[in-house]
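Chemist: coords please:
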Amino acid sequence: MNKLSQFVKEKRKSLGLTQEDLSFKSGVGLRFIRDLEQGKPSLRMDKVNQVLTLFGHELGPIQSERNEP
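Modeler: Here you go, the predicted structure:
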């Protein structure tokens, strides 16, 4: 599970929401929520932001954790 999927799942649970609830409140499909929480590597950023907006967050660039020379 990646950081994004873990964040969404933990936030959803902390608010007492089911995946269905989150789907409805964010305006994305249930399948999208499931894919997001399972760490699917390719997701539409606009839809991810629709979900993150409910938690007061948005996607943005972060420093990579890779150890490249």
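Chemist: Tell me the pLDDT of the closest residue to Gln19 other than its chain neighbours.
Modeler: Excluding the flanking residues, the one nearest Gln19 by Cβ to Cβ, 6 or more residues apart in numbering is Ile33, at 4.8 Å. Every C-beta, even on glycine, is put in place using the N, C-alpha and C of the backbone. Looking at Ile33, its pLDDT reads 98.
Chemist: With Leu54 instead?
Modeler: Leu54 is assigned a pLDDT of 95 by the prediction.
Chemist: related to what we said a few turns ago, quick one: the residue nearest to Gln19 and Leu17 touch, right?
Modeler: No. Ile33 is not in contact with Leu17 according to Cβ atoms under 8 Å; the separation is 9.8 Å.
Chemist: more crowded one of those two?
Modeler: Taking neighbours as other Cβ atoms under 10 Å, Ile33 and Leu17 compare with Ile33 leading, 24 against 17.
Chemist: Which strands or helices does the host helix or strand of that one pack on?
Modeler: Per DSSP states H and E: Ile33 is located in helix 30-37. Applying 3 or more Cβ pairs under 8 Å, 6 or more residues apart in numbering; DSSP states H and E, we find helix 30-37 packed against helix 3-14, helix 19-26, helix 45-53.
Chemist: For that helix, list every residue counted as buried.
Modeler: 32-33, 35-37 (16 or more other Cβ atoms under 10 Å).
Chemist: Farthest-apart pair in those residues, please.
Modeler: Farthest pair in those (Cβ to Cβ) is Phe32 and Glu37. Separation: 9.7 Å.
Chemist: Do you know the pLDDT at the residue nearest the centre of the chain?
Modeler: Closest to where the C-alpha atoms of the chain average out (Cα atoms, centre = their mean) is Val8, at 4.4 Å. Here the pLDDT value assigned to Val8 is 98.
Chemist: from what I can see it touches Val51, true?
Modeler: Yes. With contact defined as Cβ under 8 Å, Val8 counts as touching Val51 (6.2 Å).
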